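Q: Starting from these lines, generate the structure:
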Amino acid sequence: MLLLRFYIYHGNSFGKMSNTKKMELKVAIDDEKSKRRVMRTIAGVQGVDSVAVNMKDRKITVIGEADPVYLTVKLRKFGFTDLLSVGPAKEQKKPDDDNKEKPPEAPKYVYVPQTWPVIEECNTNTCTIC
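A: Numbering: from 1, shown residues only. As a prediction, the model looks like this:
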């Protein structure tokens, strides 16, 4: 019975790929204090990977496996909350570098140190003072 409750609450995601979603919510936030409170509330929900807040548009972007309806209900205590969109969290693909023309590489030079022969004088009894 306990195991069944665990599966119902947490979901049966053992051995499966993660079901990461990107959720956009519109929340009535006006200042930095309410922004901090909203971020703290969302970060406390199990299954949230990242949170981004856009104060200009009053939008919150949440990426994770959390339930979007549960997030909306949790944020209703801050005022009007609207669930704008829910979709798969896709990683943005970088443009291929193969299509771009690469600059020519500089020639590689190898430094070879020069060796100088050492000539020793045979006459070691020379005195310049005498």
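
Q: contacts for the helix ranked longest in the chain?
A: Longest helix in the chain by number of residues (criterion: DSSP state H): helix 32-43. Residues from elsewhere that reach helix 32-43 (CB atoms under 8 Å, 6 or more residues apart in numbering): 27, 29, 48, 51, 53, 55, 60, 62, 71, 74-75, 78. From N, CA and C alone the C-beta is placed, and that goes for glycine too.

Q: Filter those down to the buried ones and hand me the PyMOL line.
A: Those of those that count as buried under 16 or more other CB atoms under 10 Å are selected in PyMOL with:
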select buried, resi 27+29+48+51+53+60+62+71+74+75+78
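
Q: Next, check the contacts of helix 32-43 against the helices and list the overlap.
A: Counting by DSSP H, the contacts of helix 32-43 contribute 71, 74-75 to helices.

Q: Surely residue 23 forms part of a strand?
A: Yes. With DSSP: H, G, I helix; E, B strand; the rest coil as the criterion, residue 23 is located in a strand.

Q: From here on, call the first residue 21.
A: That works, and once the first residue is 21, the last one we named lands at residue 43.

Q: gap between the longest helix of the chain and the chain center?
A: Helix 52-63 has its C-alpha centroid displaced from the chain centroid by 20 Å (CA atoms, centre = their mean, to the nearest Å).

Q: quick check, nearest of the contacts of helix 52-63 to residue 125?
A: residue 71 (43.4 Å; CB to CB).
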